[in-house]
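Engineer: My questions concern the predicted model and sequence given below.
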Amino acid sequence: MSGKRGTSRIGVGLIGFGTIGTGVVKVLRENAPVIEQRLGAELRLVRIADLDLETDRGVELSDIRFDADASGLIADPEVQIVIELIGGYDVARRFILEALAAGKHVVTANKALLALHGRELFGAAEAAGLDIAFEAAVGGGIPVLRSLREGLAANRIERVLGILNGTTNYVLTEMERTGEDFDVVLKRAQDLGYAEADPTFDVDGIDAAHKLALLTTMAFGAELTFEDIPTEGIRGLRPIDFELATEFGYRIKLLGIARSHRSADGEERIEVGVQPTMVPESSLLAKVDGAMNAIEVRGNAVGPTLYYGAGAGEMPTASAVVADLMEIAREIVRGGRGRVAPLSYQPRFIEAKSFVTDAERHGRALLRLIVRDEAGTLGRIATLLGESGIAIESIVRRGQGEAGPVSIVVLTRSASEEAFQKATEGLSALPEVLETPRRIRIEEEG
Ligand code: HSE
């Protein structure tokens, strides 16, 4: 097709006209000149499909066909690239498969879908000779996936470690700043629009695990889904945890961590997890506040690299979606596809990898217990930790004592995951321990 000034025109269809979809329309309109100058082609949004045809999105739609017919959009010969922005699993999966079957390239921001059904979807794209692009799925507007795939392609990746969820980073920042309880801060985050009415995916670490699953596959060629990732969210953190973390020189962040362990004979095993983690207050990640995201990727040649920016929001996420459109459009103009493998490794090299065992995972931690204050309590805790193989670096008791419960906070030396699990079981069984102890791991090089 021919556009103005003799450039090609690439037809785009958008399914899902919510916040990000609206951002995509705005970026395509406002930045049309620079997009065309860089691409050498015109990206033309020809159709939008959404069930809500009433809400005024505040964007000009006169030259765009807008209806509820997603299948019609996919089948439309004018549409060469389909953007899926409806989210969720079933309907989104069906539309993506339908688009690929119709010979259309796909752009999506749907990390939940890719983290669960990635194998099927990328397989279908590969078989059809089409692209699926998904930069917006991880870190919103931050081009971290493109960096992993291209800028760092010459490296063996040693670790990926990041603040992958803006909602939880906002809640943690506020809990530390105000000393308020989790529920109070979460409610305020919901009132301000930082947290969803149902915050489960965010606060329980599931959204971060979706993103980490994609990062882990792309970093190590490891085949996994987010269900393979041990995940712990931020519910249950208390003001005392932030108080003591600060006293010990740390800040608490919800980190997604994927690390490669290589044995002497070269076998690679993967350590992966999402959990609240204490990072040294002098580290760069400790300085990432509010709803921002940051991801550190360490390569064996390049060393540490850091990617920081808005991990969500209308325009930042649309920035990534439109960059993906441009990447695919370049290939269409060139008459090719698949310049770079979407998951960074050629599909035949993506394989299941062994995970490190609990006995092999080591680290320091902060352990917080809520106990009834009785004679000998501290001694019993210290003995039990010792018997589990955990040495104590520092121990602090906070609270009124006498009748009421008190907090005992222990900063430990390095011990295995297995030892911590054994200690937690033992401590939970002590009659004066009133709640399951909370452990916050320490990442020294955060
Ligand atoms: N709920 C996500 C977050 C949005 O808070 O980061 C972007 O994935």
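Structural biologist: Looks like it arrived, so ask away.
Engineer: Contact residues of the stretch 101-250 of the chain facing the ligand?
Structural biologist: 140, 165, 166, 167, 202, 207 (CB under 6 Å from any ligand atom). Bear in mind the C-beta positions are built from the backbone N, C-alpha and C, glycine included.
Engineer: Give me the neighbour count for the second one.
Structural biologist: In other words, residue 165. Using other CB atoms under 10 Å, residue 165 has 29 other residues around it.
Engineer: Take the residues of the stretch 101-250 of the chain next to the ligand and lay them out in a markdown table including secondary structure, distance to residue 333 and pLDDT.
Structural biologist: Below are those laid out as a markdown table (DSSP: H, G, I helix; E, B strand; the rest coil; distance: CB to CB, whole Å; pLDDT from 0 to 100):
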| residue | secondary structure | distance to residue 333 | pLDDT |
| --- | --- | --- | --- |
| 140 | coil | 27 | 96 |
| 165 | coil | 36 | 97 |
| 166 | helix | 35 | 96 |
| 167 | helix | 38 | 96 |
| 202 | helix | 39 | 97 |
| 207 | helix | 35 | 96 |
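Engineer: which residues does residue 370 contact?
Structural biologist: By CB atoms under 8 Å, 6 or more residues apart in numbering, the contact list for residue 370 reads 405, 406, 407, 433, 434, 435.
Engineer: number of nearby residues for the fifth one?
Structural biologist: Using other CB under 10 Å, residue 434 has 13 neighbouring residues.
Engineer: What of residue 374?
Structural biologist: By other CB under 10 Å, 11 other residues sit near residue 374.
Engineer: on that earlier part again, most neighbours, which of the contacts of residue 370?
Structural biologist: For these, neighbours tallied by other CB under 10 Å; top is residue 433, 22 neighbours.
Engineer: which of the residues of the stretch 101-250 of the chain next to the ligand are the two that sit furthest away from each other?
Structural biologist: 140 and 202 (13.4 Å; CB to CB).
Engineer: Now do the strands in the stretch 301-446 of the chain.
Structural biologist: 303-310, 354-355, 362-363, 365-372, 392-398, 405-412, 415-416, 438-442 (DSSP state E, counting those that start in this stretch).
Engineer: Including distance to residue 91 and mean pLDDT, could the ones you listed go into CSV?
Structural biologist: What follows is the strands of the stretch 301-446 of the chain, written out as CSV (distance: least, CB to CB, whole Å; pLDDT from 0 to 100):
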stretch, distance to residue 91, mean pLDDT
strand 303-310, 27, 98
strand 354-355, 32, 93
strand 362-363, 41, 94
strand 365-372, 42, 96
strand 392-398, 50, 94
strand 405-412, 47, 95
strand 415-416, 44, 96
strand 438-442, 37, 97
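Engineer: Now render those as CSV, adding distance to the ligand.
Structural biologist: What follows is the strands of the stretch 301-446 of the chain, written out as CSV (distance: least, CB to the nearest ligand atom, whole Å):
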stretch, distance to the ligand
strand 303-310, 9
strand 354-355, 25
strand 362-363, 25
strand 365-372, 25
strand 392-398, 31
strand 405-412, 29
strand 415-416, 32
strand 438-442, 21
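Engineer: Including distance to residue 16, could these go into JSON lines?
Structural biologist: Below are the strands of the stretch 301-446 of the chain laid out as JSON lines (distance: least, CB to CB, whole Å):
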{"stretch": "strand 303-310", "distance to residue 16": "20"}
{"stretch": "strand 354-355", "distance to residue 16": "35"}
{"stretch": "strand 362-363", "distance to residue 16": "41"}
{"stretch": "strand 365-372", "distance to residue 16": "42"}
{"stretch": "strand 392-398", "distance to residue 16": "48"}
{"stretch": "strand 405-412", "distance to residue 16": "46"}
{"stretch": "strand 415-416", "distance to residue 16": "45"}
{"stretch": "strand 438-442", "distance to residue 16": "37"}
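Engineer: for those strands, which one sits closest to residue 278?
Structural biologist: So among the strands of the stretch 301-446 of the chain, strand 438-442 is nearest, using CB to CB, at 4.7 Å.
Engineer: Which positions in that closest one come out as buried?
Structural biologist: By 16 or more other CB atoms under 10 Å, the buried positions in strand 438-442 come out as 438, 439, 440, 441, 442.
Engineer: and if you look at stretch 49-58?
Structural biologist: Those would be 49, 50, 57, for stretch 49-58 by 16+ other CB under 10 Å.
Engineer: Please, where are all the strands along the stretch 151-300 of the chain?
Structural biologist: Using DSSP E, counting those that start in this stretch, strands in the stretch 151-300 of the chain cover 157-163, 250-262, 268-280, 292-299.
Engineer: Share the number of residues neighbouring the residue of the stretch 201-350 of the chain found nearest the ligand, please.
Structural biologist: The minimum distance from the stretch 201-350 of the chain to the ligand, using CB to the nearest ligand atom, falls at residue 312 (3.7 Å). By the measure other CB under 10 Å, the count of residues near residue 312 is 22.
Engineer: From what I see, it and residue 140 are in contact.
Structural biologist: Yes: the criterion here is CB atoms under 8 Å, and residue 312 meets it with residue 140 at 4.8 Å.
Engineer: Pull up the overlap in contacts between the two.
Structural biologist: Contacts common to residue 312 and residue 140, judged by CB under 8 Å, 6+ apart, are 166, 293.
Engineer: isn't residue 296 right up against residue 305?
Structural biologist: Yes: Residue 296 is within contact range of residue 305, at 7.1 Å (criterion: CB under 8 Å).
Engineer: out of the two, which sits in the busier spot?
Structural biologist: residue 296 (22 against 16).
Engineer: Identify the bridge partners of that one.
Structural biologist: residue 161, residue 306 (DSSP bridges).
Engineer: And the pLDDT for it?
Structural biologist: Looking at residue 296, its pLDDT is 98.
Engineer: what sits against it?
Structural biologist: So residue 296 contacts 159, 160, 161, 162, 284, 285, 304, 305, 306, 307 (CB under 8 Å, 6+ apart).
Engineer: Identify the residue nearest the fourth one in space, chain neighbours excluded?
Structural biologist: For residue 162, ignoring the flanking residues on the chain, the nearest one in space by CB to CB, 6 or more residues apart in numbering is residue 295 at 3.4 Å.
Engineer: tally of neighbours for that neighbour?
Structural biologist: Residue 295: 28 neighbours (other CB under 10 Å).
Engineer: Quick check, it in contact with residue 159.
Structural biologist: No: contact criterion CB under 8 Å: residue 295 and residue 159 do not qualify, at 10.8 Å.
Engineer: hang on, the earlier thing: just the buried ones out of the residues of the stretch 101-250 of the chain next to the ligand, please.
Structural biologist: For those, a burial check counting by 16+ other CB under 10 Å picks out 140, 165, 166, 167, 202, 207.
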